[in-house]
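Student: return a 3D structure for these sequence lines:
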Amino acid sequence: MKNFYLYKYVFCFLVLLVPLLKGSEYVLVPDSYLDVQTGKLVKGNIYIKDNKIIAISNENKLLDKKKNIIYLNGLVLLPGLMDAHVHLIGNNELNGYQSIGESSQMATIYGVKNAKNTLMAGFTTVRNVGAGHFADVALRDAINNGVIAGPTMLVSGPTLSITGGHGDNNLLPFHNHGSSEKHSIVDSPWDARKAVRVNRKYGANLIKFTATGGVMSKNTDPNARQFTIEEIKAIVDEAHSHGMKVAAHAHGLKGIQAAIKAGVDSIEHASFIDRESIVEAIKKGTYLSMDIYVSDYILGEGVKKGILEESLEKERKVGKIQRENFRLAAQLGANMVFGTDAGIYNHGDNARQFKYMVRWGMTPLQAIQAATINTADLFGLTSVGEIKIGYDADIVAVSGNPLEDISRLEDIRFVMKEGKIYKQ
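Tutor: Presented below is the predicted three-dimensional model:
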């Protein structure tokens, strides 16, 4: 019995040590892995060296006892999942006026916790769209430097907003309104260009702006367009000139139309999009990121969580039509990615959206592709999103075939990011 506990403690120590090992060689031996391009389950052992997949083979004779052989019996491997719309910074238990009391330092500390929860849920790459004080830049860099555990992050820095828009702080009265990030309040094309340059200067990978009002902000109308077309074009032109992509928060149709016309890379939410705009988005290669799970959370938990009644009333109007338009976009073959708005609900619950995507018109494979190859394409990343020789070893595993039951993705059993094991 003493030996049993000794082995148990040694095993736990080794599991904790694994993420610290760099450049280690592994062989993953699963039941199969999912080819996300074809939807086929493929037999094969995955050979990993220096954070890359170097071979895939069925030949057991290639198994080298000197390597770390990880037997994943009963498990199916998938490429690491991606979420195109998260808010890792901050305590998501705070809503409405409660959020005013949270310092940027405390919000960043909560970001550490949120990043780990997201990674352990199988999301190895995310796009953080909107964070004050460039806290998302700090979080990304801490992850990249190996200080903390979390997904690979693409970050936008502060969201660009018009005065009084979604992204400005409308909870405070005039005499208490802070001005620490006034650069992100844009009221002219030249303001827009300067805001893009400032965000880039301080480390942002992409630009996010609010083309319409929002659900969770005070005194904004989700249907109302924000920014002039000249301002939107200035944002897009300036960002693209620096190789940065642009995400447009847009619920209302006029804001969606203006953003697509200006050449944004993705429309976030896209709640009131219509058939004509979906077709235009397809022509322009614009991606749609539609967070169709979060509505149930807001309406089910909103009162208990302290979400303002104004926001709850807006969500009642937005949620159903967004899901109907999601179905239309899927039927028309729109470019669609997996974006959840995690941060409104608990980080780590991102995968709950998969079953909603299937319920509202996607096949299980299409939903998985939205969270892998489609999102990788939007992000401009060429070495993630598939289990493929030469790709990064971002790999997760579930019990059984997720194409038969998409909810299996809510129970991730194994997580490897960049060749390091974080969950086994």
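Student: and after the lowest-mean-pLDDT helix or strand in the chain, which helix or strand comes next?
Tutor: Using mean pLDDT, DSSP states H and E, helix 2-17 stands out as the lowest-scoring helix or strand of the chain, at a mean of 42. Downstream of helix 2-17, the next assigned helix or strand under DSSP states H and E is strand 26-35.
Student: what sits up against that following strand?
Tutor: Residues outside strand 26-35 that contact it (Cβ atoms under 8 Å, 6 or more residues apart in numbering): 40-48, 63-64, 67-78, 368, 386-387, 393, 395, 397, 402-403, 416, 419, 421. Bear in mind the C-beta positions are built from the backbone N, C-alpha and C, glycine included.
Student: how is the protein partitioned into domains?
Tutor: What automatic domain parsing lists as the domains of the chain is 2-80+386-423, 81-379.
Student: winner for burial among these?
Tutor: Neighbour counts (mean count of other Cβ atoms under 10 Å) averaged over each of those peak at domain 81-379, with a mean of 21.
Student: and that one, end to end?
Tutor: This stretch, domain 81-379, spans 13 Å end to end (Cα to Cα, to the nearest Å).
Student: stretch 371-382 too?
Tutor: Per Cα to Cα, stretch 371-382 runs 14 Å from first to last residue.
Student: roughly how far is that stretch from the heart of the chain?
Tutor: Relative to its chain's centre, stretch 371-382 lies at 11 Å (Cα atoms, centre = their mean, to the nearest Å).
Student: ok, stretch 128-138 next?
Tutor: That offset, for stretch 128-138, works out to 14 Å (Cα atoms, centre = their mean).
Student: need the contact partners of it.
Tutor: Where contact means Cβ under 8 Å, 6+ apart, the residues beyond stretch 128-138 that reach it are 85-89, 104, 107-108, 111, 139-140, 153-159, 167, 180-181, 202-204, 206, 208, 247, 249, 268.
Student: could you pull out the helices for the stretch 301-424 of the chain?
Tutor: Counting by DSSP state H, counting those that start in this stretch, one finds helices in the stretch 301-424 of the chain at the ranges 309-332, 353-359, 364-370, 373-379.
Student: dump those to JSON lines, plus distance to Gly132 and mean pLDDT.
Tutor: Formatted as JSON lines, these follow (distance: least, Cβ to Cβ, whole Å; pLDDT from 0 to 100):
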{"stretch": "helix 309-332", "distance to Gly132": "19", "mean pLDDT": "88"}
{"stretch": "helix 353-359", "distance to Gly132": "25", "mean pLDDT": "97"}
{"stretch": "helix 364-370", "distance to Gly132": "29", "mean pLDDT": "98"}
{"stretch": "helix 373-379", "distance to Gly132": "23", "mean pLDDT": "98"}
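Student: want to throw these into JSON lines with distance to Asn145?
Tutor: As requested, the helices of the stretch 301-424 of the chain are exported to JSON lines (distance: least, Cβ to Cβ, whole Å):
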{"stretch": "helix 309-332", "distance to Asn145": "37"}
{"stretch": "helix 353-359", "distance to Asn145": "30"}
{"stretch": "helix 364-370", "distance to Asn145": "30"}
{"stretch": "helix 373-379", "distance to Asn145": "20"}
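Student: for Arg127, which of those is the nearest?
Tutor: Nearest to Arg127, of all the helices of the stretch 301-424 of the chain, is helix 373-379, at 6.6 Å by Cβ to Cβ.
Student: just checking, what packs against the closest one?
Tutor: Helices and strands touching helix 373-379, as assessed by 3 or more Cβ pairs under 8 Å, 6 or more residues apart in numbering; DSSP states H and E, comprise strand 81-86, strand 123-128, strand 336-337.
Student: in a markdown table: these, plus mean pLDDT.
Tutor: Below are those laid out as a markdown table (pLDDT from 0 to 100):
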| stretch | mean pLDDT |
| --- | --- |
| strand 81-86 | 98 |
| strand 123-128 | 98 |
| strand 336-337 | 98 |
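Student: could you dump stretch 186-199 to PDB, C-alpha only?
Tutor: C-alpha atoms of stretch 186-199 as PDB (Å, rounded to 0.1, in the frame of the first residue of the first chain):
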ATOM      1  CA  VAL A 186     -12.900  57.900 -32.200                       C
ATOM      2  CA  ASP A 187     -15.000  60.700 -33.700                       C
ATOM      3  CA  SER A 188     -13.200  61.400 -37.000                       C
ATOM      4  CA  PRO A 189     -11.200  59.500 -39.600                       C
ATOM      5  CA  TRP A 190      -8.000  61.000 -38.200                       C
ATOM      6  CA  ASP A 191      -9.000  59.900 -34.700                       C
ATOM      7  CA  ALA A 192      -9.500  56.400 -36.200                       C
ATOM      8  CA  ARG A 193      -6.100  56.200 -37.800                       C
ATOM      9  CA  LYS A 194      -4.400  57.500 -34.600                       C
ATOM     10  CA  ALA A 195      -6.200  55.000 -32.500                       C
ATOM     11  CA  VAL A 196      -5.100  52.100 -34.700                       C
ATOM     12  CA  ARG A 197      -1.500  53.300 -34.500                       C
ATOM     13  CA  VAL A 198      -1.600  53.600 -30.700                       C
ATOM     14  CA  ASN A 199      -3.000  50.100 -30.300                       C
END
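Student: sweet, I'm off.
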